[in-house]
Every structure is written in structure tokens, then in C-alpha cells.
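Peer 1: What would the 3D arrangement of this be:
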Amino acid sequence: MAQHAQTPKEACFESATDELKKHRDRQGKKTPEIDHQRGWTQNTDTGQWRPEPVESTFGRIIGSVAKTIRIALGLQGEEEGRWPTGQPRFPDVTVTGSDGKSVVVDTKFDRPSGGRDSWGQDRGKYTGKTQREDYNDINDQQTGKKDQDLSLDPDVCKCAEDPSPVEEVDPALAPIPFMPFVEGPIPALPGIRIPMPEPIPVPVFP
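Peer 2: Predicted coordinates:
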């Protein structure tokens, strides 16, 4: 199967992964598993975050969120043992060590006009938190360390060339498709309003 042309962002990811592997090899340590754009979701009952299976697509995860809302509204029956999928996030990088613990990392690239990408300030529709806050919550749950603000930038990646920023639509901010408009709080999802159905911007996952 023919490979697509690498974007600057993908090239930087690859460079970062190679540098990390070299560093771990020098230390005689196993290279951790590294996934790009892997989905994470929050349990609406407990607030716990978990990584979704690598093969889970954006559409599948958003569909699971919609199912949680239908159950909360009484439009669908409860399912015993089901993970009540809430806020989705798709971090640029998920690193999983041999102990099974993961950390999520955002990427920060230099802009042609000057300056470096900053943390997204738009709040998730379900947690009400920013990208930075949600990522820190994930890493806190995984490692017990608060406010790590983990990110990769060209200095860490050691990119051969400065990559151009890639515009993306944050899937965490996408509305849920095929759901009725509901005023007021939803059972089991306090303070959340369901948006009117509208086309979902297709995220660019280079």
C-alpha cells in the first residue's frame, strides 16, 4: 500500500520518536509504546479517564458519547457494565510505559509569523475544562503528579527543519450528531446542554 506524503508535523513526530528510542536504547531500557491521536474518554459517573483501543475511530467514540446521552435521556435502556463515555480528547501523543501507565503530550510548533503554539483555550463540551486542564487530569490520574503541562516542541523533537503549524479541529469540541435539542441539565450529565444537530467539522489528523 502506497504511503502518503509526510506532513511537517508527522516528520517531527517521527523525529521525536527516533530520539526517544535512541535515548532509551542507550540506557538499555525498552522503548515505550507511542500512539498519535489516540482517543481518551472520561467516565461520566466517576470522572475517570481511560485510553480507547487504538483501533477506535473518531466516529466510533463520538457515537459512544451519543449513546451515553440517549441512555441518560431515557431514550435507550441501560447496559450493565458499560463505560458511560463522556468527554473525548485526542492528544497528539500518548506514551505508555512497560508498567501500563500512560501520559498524554501536546505538541507546540513555531509559527511563521513568530511565537509558538499555545494551549487551546476552548472548553470541552462535557468537562467544561480546557485542553490543558483535561490533559493534566489524565496525567495526574495515571502518574499521581499534578499540573505537568507535558508538551513537545521543536527543541525537544530536534527536528531537522522547523515544521509549519497544521490547522486542526479539536474533536473534543465537536457537537454530537443526530441528537435532539434539550434545554437544561441532563440526568447523569449535570449542566450539559445538547447542541442542535449540525455538520461536524472533519478533523485533520495528519
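
Peer 1: only C-alpha atoms for contact and neighbour calcs from this point on.
Peer 2: Will do.

Peer 1: For this structure, give me the ranges with low pLDDT.
Peer 2: 1-14, 16, 20-21, 109-116, 153-206 (pLDDT under 70).

Peer 1: In it, mark out all the strands, start to finish.
Peer 2: In chain order, the chain shows strands spanning 33-36, 40-43, 49-51, 85-89, 93-96, 102-107, 151-152, with DSSP state E as the criterion.

Peer 1: Could you dump those strands into JSON lines and include distance to residue 134 and mean neighbour count?
Peer 2: Compiled in JSON lines, the strands of the chain are given as follows (distance: least, C-alpha to C-alpha, whole Å; neighbours: other C-alpha atoms under 10 Å):
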{"stretch": "strand 33-36", "distance to residue 134": "17", "mean neighbour count": "16"}
{"stretch": "strand 40-43", "distance to residue 134": "9", "mean neighbour count": "22"}
{"stretch": "strand 49-51", "distance to residue 134": "9", "mean neighbour count": "20"}
{"stretch": "strand 85-89", "distance to residue 134": "8", "mean neighbour count": "26"}
{"stretch": "strand 93-96", "distance to residue 134": "14", "mean neighbour count": "18"}
{"stretch": "strand 102-107", "distance to residue 134": "10", "mean neighbour count": "22"}
{"stretch": "strand 151-152", "distance to residue 134": "14", "mean neighbour count": "16"}
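
Peer 1: Quick one: those as TSV, columns for distance to residue 60 too.
Peer 2: Rendered in TSV, the data for the strands of the chain read as follows (distance: least, C-alpha to C-alpha, whole Å):
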stretch	distance to residue 60
strand 33-36	17
strand 40-43	12
strand 49-51	14
strand 85-89	11
strand 93-96	19
strand 102-107	21
strand 151-152	27
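
Peer 1: And the ones you listed: which comes nearest residue 139?
Peer 2: Of all the strands of the chain, strand 102-107 sits nearest to residue 139, with 5.3 Å by C-alpha to C-alpha.

Peer 1: And the contacts of the closest one?
Peer 2: Surrounding strand 102-107, the residues in contact under the criterion C-alpha atoms under 8 Å, 6 or more residues apart in numbering are 91-96, 135, 138-139, 142-143, 150-153.

Peer 1: who does it pair up with?
Peer 2: strand 93-96 (antiparallel), strand 151-152 (parallel) (DSSP bridges).

Peer 1: Any chance of these in CSV with distance to residue 77 as columns?
Peer 2: Written out in CSV, the entries for the strands paired with strand 102-107 read as follows (distance: least, C-alpha to C-alpha, whole Å):
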stretch, distance to residue 77
strand 93-96, 33
strand 151-152, 41
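
Peer 1: Residue 54: which of the ones you listed is closest?
Peer 2: With C-alpha to C-alpha as the criterion, residue 54 lies closest to strand 93-96 of the strands paired with strand 102-107, at 10.5 Å.

Peer 1: Only alpha carbons, please: show that closest one as CSV.
Peer 2: Coordinates of the C-alpha atoms in strand 93-96 are reproduced here as CSV (Å, rounded to 0.1, in the frame of the first residue of the first chain):
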residue,chain,number,x,y,z
VAL,A,93,0.9,11.8,21.6
THR,A,94,0.1,9.1,24.1
VAL,A,95,3.2,7.4,25.7
THR,A,96,2.7,4.1,27.5
